[in-house]
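**Q** coords below, sequence missing:
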């Protein structure tokens, strides 16, 4: 790695700090639109608890000036404490760590599949422009783009689980869960497919994969649409460029022109969207996680937000912000790799 | 040749893609329809409800499918525990786990709310067996020997004393321990006993806590502040907040160590903590042990083989949180969930499915009412002009009984219960739910009668209400369809009486609803109460006592009512109590501080291979010890 690249990466990583301060300040400001009583309502689940509203407000300092509340929170974060998530009854950091593996496992399979299939089909559609393949991928894109993910998810569940009795919801079957709980199966990463490989347990691996089949299919179907269309238009743009005509005129094989030249150049625009897509998946997929009982970070954050669980929302913002900054950084580095004309600095 | 071949391939690929999409959609719709309930072998149970619900299910399913996970009971529901600390827990989801992993001194005798069986105590105290003395002010529990704990110890009388003292010290805001304080010390919270930051007062408070529960040999003795109905006492002592904690285990996890030398420090450290010490810890001796709590996903319990009454039939019990109804339904129909929570609006979807058993008409110990605010905050944005000028209401609008009665006669119970609750709710006359002792079935009540409503509106405010009309807003919290329907029904009926009557029904989020309610900004509000313990006192106090939760928000005060309520809980003679609660129900009708909208009746859905379930309305959830799977 060159010195300039290293400096660039360090600079971009340092940029995380102001970005996160900005994001959390914004969220903090929005939460102040709610009165202390409204924010304290998170702790009131039953009318008989309402008498304790004043002491709850005092206990959590909800009536203090906003800047004091913010600096208190920052001070807490600097001491490694992201606060307490009342909606999930555990520390925010623990909630993040608990829920992330489910999301990461989904993203681990859904993101590469979406990117690979999206690029391949987009490329194919461009090469076969105005043919049946192009039309079919267009239909796929329209369907994927317009299908509500909850509907698709429920339909897939109804077909495969309800109808055929395969691909049940959740992350593991009961027997596999019992095995994990028994301690005979060691959990290293929380990603069961990876852990199954590390435990050399093929049965758990297959079980985990069968539970991933439907949520991953849903995510790929929904997310592939945009990627496919961007790849198609980017590829078409490249195919119409003079360097392609020149390459063909020099006698280069069509396949070589497409694979070695046009595809690489077409990928530049796809890289950005792929980076954002992966970051988006890693930050949680609320509906898919809910329908398929994959209780990941998206499910947790949405649940926390609806209950005005401010520490949880702020913790999630820190997490998601970091993911997006890192994803953008990776995208920028990939740019430089794909197109040597791009200089980082 | 190449182009021709490519075109052929293209067409084939396209055809496959389109065919897959069409086929998937077709199969999807077909199978989705197929998974809908079929009107075949459903079990329905009619229950009667006195002191216990009797259920007699019948199942007529021709072919029995193989039992899935035969030694594991899986409950698919929507709630998640808040905590596993018995002193902190006040929600049913927490209670469901706690009452499976902890024991109490006594426990409800199956379906019965008024009969008890000894658990950690060797006997149920009564006057007859000499364990209730001094006119009910001393209650003695002889402690059973040899009860093993999950942590490897044995329950001792010291553990019992420790559990109650620890609960009283913790007494978190909004927690359940007021129920222990009320009979023992005559207060509702620790801080009512004195200033716990002051060393002298803290020492006094500490001594009071220390003195009300003490070990005497193999017995644990409770000293009550004032006479308290024994049955009510035992009901409170049978529930999760009275769970017996293994002291050694609790101390190991950072709980109070039992030291009584420096009470200020004890209170400072252990009173109303941010999080309870036993948040995710099992220090119990119940039939199941906590295996793992996977937040947001499930709680897994595993059988405790050394349980003092013998090991459970089930090896494992899993309480899964499955928010999405469609997923929950499919899990139930496929047999991957044995017991499932079915919201009323989806009942029809599942009712006819094969191999399930449904228990219906299970009266719940909760009810819901429309409350009138007697002194509305003048700054309330929900009262229009704030005057009786046709564009608003004065803050004391509902202080006129004629207005309250007119509103009461404007509610159409029959339609509401039929349309909104599908007939599964009861129209009850007062705050005491049907099924509780001293419920008066003959108490006169309000019925839908627009003629009477008009009559009272004409009398209200010396005729000004009828003459000038009014405008007010009725709020409901978004997502609560039952409250919304009640508000809209009331609006429609009242507006039909006089074109000058205007009611705006507004949906707001729960935080806004709560804020407006506690600040007395709502002219009228709809909210309900779920029993802490099955005694009428637990209902008349919040609904009618001037210091009760709802009555205080309403600014409703009737000194005679307050006196009766306080007398009711201090009276031990059942006949005397009956008179008091009957009178309170009569006053409720006459005073009309609020209007009872309904008492829900519930259902229980289980696979037909589940054996042993029975209904006790005060249980926070499924009691796994009595369950098994089989045909």
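**A** Structure's in. What do you need? Every value quoted in this text rests on a predicted model; they were computed, and no experiment measured them.
**Q** Give the helix, strand or coil label for residue B:604.
**A** Put simply, residue B:604 is strand when judged by DSSP: H, G, I helix; E, B strand; the rest coil.
**Q** So it is in contact with residue B:615, correct?
**A** Yes - using C-beta atoms under 8 Å, residue B:604 and residue B:615 qualify as a contacting pair, with a distance of 6.6 Å. Just so you know, the C-beta spots here come from the backbone N, C-alpha and C atoms, and that holds for glycine as well.
**Q** Which neighbours do those two have in common?
**A** Shared contacts of residue B:604 and residue B:615, defined by C-beta atoms under 8 Å, 6 or more residues apart in numbering or on different chains, are found at B:359, B:362.
**Q** what sits against residue B:455?
**A** When contacts are counted by C-beta under 8 Å, 6+ apart, residue B:455 touches residue B:406.
**Q** State the helix or strand in which it lies.
**A** Element membership of residue B:455 [criterion: DSSP states H and E] is helix B:450-459.
**Q** List the buried residues for that helix?
**A** B:450, B:452, B:453, B:454, B:456, B:457, B:459 (16 or more other C-beta atoms under 10 Å in any protein chain shown).
**Q** Nearest to residue B:386, out of these: which one, please.
**A** Checking the buried residues of helix B:450-459 against residue B:386 by C-beta to C-beta gives residue B:457 as the nearest, at 19.8 Å.
**Q** Can you tell me how far the closest one is from chain A?
**A** Here residue B:457 is placed at a distance of 29 Å from chain A (C-beta to the nearest C-beta, to the nearest Å).
**Q** Quick check: pLDDT value at that residue.
**A** pLDDT, the model's per-residue confidence, is 97 for residue B:457.
**Q** So what's the residue count around the closest residue to chain A within the stretch 51-200 of chain B?
**A** With C-beta to the nearest C-beta, the shortest gap between the stretch 51-200 of chain B and chain A falls at residue B:174, namely 3.3 Å. Taking other C-beta atoms under 10 Å in any protein chain shown as the neighbour definition, residue B:174 ends up with a count of 20.
**Q** so which helix or strand takes in it?
**A** Residue-wise, residue B:174 maps onto no helix or strand under DSSP H and E.
**Q** That one against residue A:52, yeah?
**A** Yes - shown here, residue B:174 and residue A:52 form a contact pair, counting by C-beta under 8 Å, at 4.4 Å.
**Q** joint contacts of these two?
**A** Overlap between the contact sets of residue B:174 and residue A:52, as judged by C-beta under 8 Å, 6+ apart, is given by A:43, A:44.
**Q** Test for you: state the pLDDT assigned to the residue lying closest to residue B:391 once chain neighbours are set aside.
**A** Closest residue to residue B:391 apart from its sequence neighbours, by C-beta to C-beta, 6 or more residues apart in numbering or on different chains: residue B:385 at 4.3 Å. Note for residue B:385: predicted pLDDT of 94.
**Q** likewise residue A:313?
**A** Note for residue A:313: predicted pLDDT of 88.
**Q** Make sure I have this right: it is in a helix.
**A** Yes - the assignment for residue A:313 (three-state DSSP) places it in a helix.
**Q** ok, so what distance separates it from residue A:297?
**A** 12 Å (C-beta to C-beta, to the nearest Å).
**Q** who has more neighbours, the two?
**A** Here residue A:313 and residue A:297 are compared on neighbour count by other C-beta under 10 Å; more neighbours surround residue A:297, at 28 against 22.
**Q** From chain B, how far out is the more buried one?
**A** Going from residue A:297 to chain B by C-beta to the nearest C-beta gives 10 Å.
**Q** Which single residue in the stretch 451-600 of chain B comes nearest to chain A?
**A** The nearest approach of the stretch 451-600 of chain B to chain A comes at residue B:511, 3.7 Å away (C-beta to the nearest C-beta).
**Q** mean confidence for the helix or strand containing that residue?
**A** Using DSSP H and E, the element containing residue B:511 is helix B:510-518. This predicted structure assigns helix B:510-518 an average pLDDT of 79.
**Q** Contacts made by the following helix or strand past it with the rest, please.
**A** Tracing the chain C-terminally past helix B:510-518 and defining elements by DSSP H and E, one meets strand B:524-530 next. Judged by C-beta under 8 Å, 6+ apart, the contacts made with strand B:524-530 from elsewhere in the structure are A:46-48, B:364-373, B:398, B:407, B:431, B:472, B:474-476, B:483, B:486-487, B:513, B:516-517, B:538-539, B:542-543, B:549-550, B:553, B:597.
**Q** how far off helix B:510-518 does strand B:524-530 point, in degrees?
**A** Relative orientation of strand B:524-530 with respect to helix B:510-518: 100 degrees, computed using axes from the mean of the first three to the mean of the last three C-alpha atoms, to 10 degrees.
**Q** Give me the sheet partners of strand B:524-530 and which way each runs.
**A** Its sheet considered, strand B:524-530 pairs with strand B:366-372 (antiparallel) by DSSP bridges.
**Q** Need phi/psi at residue A:34.
**A** Per-residue torsions, residue A:34: phi -90, psi 140 (degrees, to the nearest 10).
**Q** nope, residue A:202 is what I meant
**A** Residue A:202 has phi and psi values of phi -70, psi -30 when expressed as degrees, to the nearest 10.
**Q** Just give me the neighbour total for the nearest residue to it once chain neighbours are set aside.
**A** Closest residue to residue A:202 in three dimensions, ignoring its sequence neighbours and counting by C-beta to C-beta, 6+ apart: residue A:196, at 7.4 Å. Residues near residue A:196, counting by other C-beta under 10 Å, number 22.
**Q** what helix or strand is residue A:196 on?
**A** Element membership of residue A:196, judged by DSSP H and E, is helix A:192-198.
**Q** How about the very next helix or strand once past that helix, which residues are buried there?
**A** Going down the chain from helix A:192-198, the next helix or strand is helix A:202-239, by DSSP H and E. Within helix A:202-239, the residues that qualify as buried by neighbour count (16+ other C-beta under 10 Å) are A:204-205, A:207-208, A:211-212, A:214-232, A:234-236, A:238-239.
**Q** Could I get the average pLDDT for the helix or strand harbouring residue B:210?
**A** For residue B:210, the enclosing helix or strand under DSSP H and E is helix B:199-212. Computed over helix B:199-212, the mean pLDDT rounds to 96.
**Q** so how far is that helix off the chain centroid?
**A** Distance of helix B:199-212 from its chain centroid, counting by C-alpha atoms, centre = their mean, to the nearest Å, is 33 Å.
**Q** Please name every helix or strand in contact with it.
**A** Using 3 or more C-beta pairs under 8 Å, 6 or more residues apart in numbering or on different chains; DSSP states H and E as the contact criterion, the neighbours of helix B:199-212 among helices and strands are helix B:157-170, helix B:178-185, strand B:219-223, helix B:263-270.
**Q** ok, the residue nearest to the spatial centre of chain A - contacts?
**A** The geometric centre of chain A, computed from its C-alpha atoms, lies nearest to residue A:281 (C-alpha atoms, centre = their mean), at 1.5 Å. Residue A:281 makes contact with A:103, A:106, A:107, A:110, A:111, A:219, A:223 under the criterion C-beta under 8 Å, 6+ apart.
**Q** again, but for residue A:165
**A** In this structure, residue A:165 makes contact with residue B:334, judged by C-beta under 8 Å, 6+ apart.
**Q** Against residue A:157, how distant is it?
**A** From residue A:165 over to residue A:157 (counting by C-beta to C-beta), the distance is 12 Å.
**Q** Same question for residue B:621.
**A** Distance of residue B:621 to residue A:157, computed by C-beta to C-beta: 26 Å.
**Q** Compare those two (neighbour count), which wins?
**A** residue A:157 (30 against 21).
**Q** where does chain A dip in pLDDT?
**A** Applying pLDDT under 70 to the predicted model, the residue ranges of chain A that meet it are A:1, A:42, A:45-48, A:340-345.
**Q** center of chain B - which residue?
**A** Closest to where the C-alpha atoms of chain B average out (C-alpha atoms, centre = their mean) is residue B:530, at 4.1 Å.
**Q** coming back round to it: just put the helices and strands packed on helix B:199-212 in TSV and tack on mean neighbour count, distance to chain A and mean pLDDT.
**A** As requested, those are exported to TSV (neighbours: other C-beta atoms under 10 Å in any protein chain shown; distance: least, C-beta to the nearest C-beta, whole Å; pLDDT from 0 to 100):
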stretch	mean neighbour count	distance to chain A	mean pLDDT
helix B:157-170	23	14	98
helix B:178-185	22	9	95
strand B:219-223	19	24	98
helix B:263-270	18	14	96
